[in-house]
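**Student:** Build the 3D model from these lines:
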Amino acid sequence: MRSYSAREGHVIVEVLAVMASFEESRVCLEAQLHALSELDTADKIGDADLTPLREIDDAVVGVEHREYLEYLQPYLDRHAAE
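**Tutor:** The predicted structure is shown next:
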């Protein structure tokens, strides 16, 4: 992931957030959230907008997803004020 430029990372992060907001498969959702957390550890999220994650259907969110969502919460809070 360190090979992505900041711009490329930004685009990937925002696409993953939008995809996760429509995801119906719990397995795919977990993979998307995991990828977002990995991109964060590689400092690729930057000022990307993760607010689409707020739209994830509660029926899809399981225990395995909550830790990722809690980890990403500061990014959601940051854009909530805008």
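**Student:** For A42, give its distance to E30.
**Tutor:** For A42, the distance to E30 (CB to CB, to the nearest Å) stands at 19 Å. For the C-beta atoms, the positions are set from N, CA and C on the backbone; glycine is no exception.
**Student:** Looking at those two, which is more packed in?
**Tutor:** Neighbours around A42 and E30, counted as other CB atoms under 10 Å, are more numerous at E30. The numbers are 16 against 12.
**Student:** Please, which helix or strand holds the more buried one?
**Tutor:** E30 is part of helix 26-41 when elements are defined by DSSP states H and E.
**Student:** could you pull out the strands for this protein?
**Tutor:** Counting by DSSP state E, no segments of the chain form strands.
**Student:** before we move on, back to that, what is the helix holding E30 packed up against?
**Tutor:** On a contact count with 3 or more CB pairs under 8 Å, 6 or more residues apart in numbering; DSSP states H and E, helix 26-41 meets helix 6-22, helix 63-80.
**Student:** Show me what the shortest one is packed up against.
**Tutor:** Secondary-structure packing of helix 6-22 (3+ CB pairs under 8 Å, 6+ apart): helix 26-41.
**Student:** quick one: pLDDT of the closest residue to R54 other than its chain neighbours?
**Tutor:** Distances taken as CB to CB, 6 or more residues apart in numbering place L76 nearest to R54, at 6.3 Å, with adjacent residues excluded. At L76, the model reports a pLDDT of 87.
**Student:** Was I right to think L76 contacts L53?
**Tutor:** Yes: L76 lies in contact with L53 (CB atoms under 8 Å); the separation is 6.2 Å.
**Student:** Counting neighbours, go ahead and name the busier of these two.
**Tutor:** The neighbour count for L76 versus L53, taken as other CB under 10 Å, is higher for L53 (21 against 16).
**Student:** how much space is there between the residue lying closest to the more buried one once chain neighbours are set aside and G9?
**Tutor:** The shortest distance from L53 to any non-neighbouring residue, by CB to CB, 6+ apart, is to A17 (5.4 Å). From A17 across to G9, the span is 13 Å (CB to CB).
**Student:** Which pLDDT does the model give L36?
**Tutor:** For L36, the predicted pLDDT is 96.
**Student:** quick one, what contacts it?
**Tutor:** Residues in contact with L36 (CB atoms under 8 Å, 6 or more residues apart in numbering) are 13, 16-17, 20, 45, 50, 68, 72.
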